[in-house]
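*Asks:* Pasted the sequence and its predicted model underneath.
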Amino acid sequence: MAQKTIVTAKKLFVFAACMFGFGYVMVPIYDLLCDVTGLNGKTGEVSQVEAEAKHVDMDRLVTVEFDTNVNPALPWKFKATEFKMNVHPGEIAEAVFVVENTSDKPVVGQAVPSVVPALASLYFDKTECFCFTTQLLKPGERKEMIVRYVVGSELPENISTMTLSYTFFKAPDSDDVVVSETESVKAISTKS
Amino acid sequence: MSEAVIHDDHDDHHDHKPTGIGRWLFSTNHKDIGTMYLVFSLIMFFIGGAMAMVIRAELFQPGMQFVDPQFFNSMTTVHALVMIFGAVMPAGVGLANWMIPMMIGAPDMAMPRMNNMSFWILPFAFTLLLSTFFMQGGAPAGGWTMYPPLVLQLGDGFPFLIFAVHFLGISSIMGAINIIATVFNMRAPGMTFMRLPLFVWTWIITAFLLIAAMPVLAGAVTMLLTDRFFGTAFFDAAGGGDPVLFQHVFWFFGHPEVYILVLPSFGIISQIIPTFARKPLFGYASMVYATASIAFLSFFVWAHHMFTVGMPLAGELFFMYATMAIAVPTGVKVFNWTATMWKGSMTFETPMLFAIGVLFMFTLGGFSGLMMGITPVDFQYHDTYFIVAHFHYVLVPGIVFGIISGVYYWMPKWTGYMYDEKLGKLHFWTSAISVNVLFFPMHFIGLAGMPRRIPDYSTQFTDWNMIISIGGFAFGLSQLILVWVVIKCIRGGEKATDEVWEGAHGLEFTLPSPPPFHSFTTPPEVTDATAHS
């Protein structure tokens, strides 16, 4: 095999390896693009101070609807206390959700939010949400959870209604967490 | 050292071949490997075809007839995987193996052992894929695009599907590297890039597409694998992932892939049309640039496969215009082929008939593609039989006909005998008529709203579905003629001359038919007079 051939082949193998890497680089690029454009309806997080500093547009009312889903792998009930709210852009509002563990085991769940229309998600920020962390529910436990959110007054004029949707999933490491929790509970009870 | 000397001697006996099964298993000869690729492709064509027959039998009438829905979905999924990766791609690589060294005046491929490996990976890959039919949970049934989360619900067959795709990727990347290395380093003196036959040009560009796109697919399916078994969450919403991301990564591979499939076919008919029109190819340079532009643009249009996922308007417009832009270089090619035939002294032997079939029917598929490139109307066509009609028009009469025309065109060169022209013409006309009966009505039922990948349908679609199924069975049977023609041609017949065809040009037609085991041991000199078939 000629030297030239080996050089060509090596270059091309390196190119192929780079393209394999590029497939993985698309993951952070996609996340970044979604952040910038609101492509996949993921919502933002702001501090309470930032939210309070927002200008409140009293002339305008926006309807925020709530949608709740539970992934079939999670034995929970999940509802919003109010189906929808009318809010002024810039005003801090609070929505209450109720979640209940219907199984006889402690389970850890994680809620994933999404806003439709996706473009509106750029102007939808939360100061507090149960979706920021995982939630542990004991068997039969019922819990009220709040979301404090603010709709930016820069929201485009043509958007008058938006839907905030939550899906509760079983946390990927739910079983481990539950086991360690119960073990620590046991450890505490044996100590005392 | 002494071994090398012996080996050199060995090369001097032109037609000394290893014999028995070892000739094939350990083959490093571009012609033998090309033959194996083509035979493998033909076998896969019939396996995938059998699955299509099951689909058409089930859809002959509304209601459930023969198979359960899960198996029906396996049929559509595996039919696609087998036809794309098992039939069309190996056929293209097989033709490249056979023809490229002969067309550029080289003795063999640049890396013969790697060539052997890239072929022999294929049977293993398809054994993995097809073995899933006998596993708990059955064969893949979530569509060949392997969208999560559905594909993650596949049973024990899931890792087999993923590793089969990995193997196919490795095989085609090695094949592509070999082709580029061969063309870049082993051209005969005087065979400059702008004197390369167009088939070689389209294959260089295809090879670059393969090297750029296949690793991305490998990455995407690896992410699926780790999502399922190693707790990553690339596409799992529960872990912060996004299933839509898979569609982006997949179609970033998937759109170049459609040009990987079609460009070799463009190359083949660019060889055949000038031969039978007895005129040089019209606009050679523009053909090269058009092919390169198609390949380049193919990386910027992927999201037109997924207009309905919910994209910002700017994104939809970008991908719509980029898609429309591809019609320009494709149009250049279609007009060049037509202009090549203009005022030519045409004869209509079987290869020419198939090539003209490609020209007509690929263009038809191209037009329905343009329709779907228009974002607002795509919302109606998405996931209906209209898209099935579109991609089957480009894949079957566009690409499969192109490959078949290449086989008819070069078969006398390979075997040394002319094929049976009467049977060839019969094969063309039965195929050309039945393929239209099969795919044309799909446009109508698609526009009327029949969804794809579903084993049952509303009764108003019954008549067209019956006609489509009859066309399907007729097309399937017609392909048996091809097998008969090939077997007959290998066994004997009228002796083929070196030129084979009256109007044939190019280095491959300066070799005897059949060509010696090692194509050009002394490189031929290429001048302007002998270049450009």
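*Replies:* Thanks, I have it.
*Asks:* Give the full set of residues in contact with residue B:462.
*Replies:* B:61, B:62 (CB atoms under 8 Å, 6 or more residues apart in numbering or on different chains). For every residue, glycine as well, the C-beta is placed using N, CA and C.
*Asks:* quick one: average pLDDT of the strand or helix carrying it?
*Replies:* For residue B:462, the enclosing helix or strand under DSSP states H and E is helix B:462-491. In this model, helix B:462-491 has a mean pLDDT of 96.
*Asks:* mind listing what's buried in that helix?
*Replies:* B:462, B:464-465, B:468-469, B:471-476, B:478-479, B:481-482, B:485-486, B:489 (16 or more other CB atoms under 10 Å in any protein chain shown).
*Asks:* quick one: residue B:502 from chain A, how far?
*Replies:* Using CB to the nearest CB, to the nearest Å, residue B:502 is found at 37 Å from chain A.
*Asks:* Correct me if wrong: that residue contacts residue B:278.
*Replies:* Yes - the pair residue B:502 and residue B:278 qualifies as a contact (CB atoms under 8 Å) at a distance of 7.3 Å.
*Asks:* Which helix or strand contains residue 126?
*Replies:* All of this is about chain A. Counting by DSSP H and E, residue A:126 is part of strand A:124-128.
*Asks:* right idea, wrong chain: chain B
*Replies:* Counting by DSSP H and E, residue B:126 is part of helix B:112-131.
*Asks:* Next, the angle from whatever helix or strand comes next after that helix to helix B:112-131.
*Replies:* Beyond helix B:112-131 on the C-terminal side, the first helix or strand identified by DSSP H and E is helix B:158-185. Relative orientation of helix B:158-185 and helix B:112-131, computed by axes from the mean of the first three to the mean of the last three CA atoms, to 10 degrees: 160 degrees.
*Asks:* The strand holding residue A:126 - which strands sit beside it in the sheet, and in what orientation?
*Replies:* strand A:44-45 (parallel), strand A:142-151 (antiparallel) (DSSP bridges).
*Asks:* which of those is buried the deepest?
*Replies:* Mean neighbour count, computed with mean count of other CB atoms under 10 Å in any protein chain shown, is highest for strand A:142-151 among the strands paired with strand A:124-128, reaching a mean of 18.
*Asks:* Okay, buried residues for stretch B:234-253 please.
*Replies:* Under 16+ other CB under 10 Å, the buried positions of stretch B:234-253 are B:234-239, B:241-253.
*Asks:* Keep only the residues you listed that also lie close to chain A.
*Replies:* B:234, B:236, B:237, B:238, B:239, B:242, B:244, B:245, B:248, B:249, B:252 (CB under 8 Å from any CB of the partner chain).
*Asks:* got a pLDDT number for the second one?
*Replies:* Spelled out, that is residue B:236. pLDDT at residue B:236 comes out at 83.
*Asks:* Now do the same contact list for the closest residue to residue B:327 other than its chain neighbours.
*Replies:* Among residues not flanking residue B:327 along the chain, residue B:370 sits closest, at 5.7 Å (CB to CB, 6 or more residues apart in numbering or on different chains). For residue B:370, the contacting residues are B:323, B:324, B:327, by CB under 8 Å, 6+ apart.
*Asks:* ok, residue B:370 to chain A distance?
*Replies:* In terms of CB to the nearest CB, residue B:370 sits 26 Å off from chain A.
*Asks:* Looks to me like that residue is in a strand.
*Replies:* No - assessed with DSSP: H, G, I helix; E, B strand; the rest coil, residue B:370 is helix; it does not lie in a strand.
*Asks:* pLDDT score for it?
*Replies:* 94.
*Asks:* For residue 80, grab phi and psi.
*Replies:* Looking at chain A here, since you left the chain open. phi -100, psi 140 (degrees, to the nearest 10).
*Asks:* got a pLDDT number for it?
*Replies:* At residue A:80, the pLDDT recorded in the model is 90.
*Asks:* Repeat that for residue A:180.
*Replies:* 58.
*Asks:* what about the closest residue to residue B:439 other than its chain neighbours, is that helix, strand or coil?
*Replies:* Of all residues not flanking residue B:439 in the chain, residue B:392 sits nearest, at 4.8 Å (CB to CB, 6+ apart). In three-state terms, and counting by three-state DSSP, residue B:392 is helix.
*Asks:* Wait, residue B:392 touches residue B:443, no?
*Replies:* No - applying CB under 8 Å as the test, residue B:392 and residue B:443 come out as separate, 10.5 Å apart.
*Asks:* Not counting its neighbours along the chain, what's nearest residue A:82?
*Replies:* residue A:95 (6.6 Å).
*Asks:* and the strand holding residue A:126, which residues are buried?
*Replies:* Neighbour-count burial for strand A:124-128 [16+ other CB under 10 Å]: A:124, A:125, A:126, A:127, A:128.
*Asks:* right, and out of those, which lies closest to residue B:76?
*Replies:* residue A:124 (39.7 Å; CB to CB).
*Asks:* can you give me the angle the longest helix along chain A makes with helix B:158-185?
*Replies:* When chain A is parsed with DSSP state H, its longest helix is helix A:3-37. Relative orientation of helix A:3-37 and helix B:158-185, computed by the same axes, to 10 degrees: 130 degrees.
*Asks:* Give the other helices and strands that helix A:3-37 contacts.
*Replies:* helix B:158-185, helix B:198-229, helix B:243-277 (3 or more CB pairs under 8 Å, 6 or more residues apart in numbering or on different chains; DSSP states H and E).
*Asks:* Sounds good, over and out.
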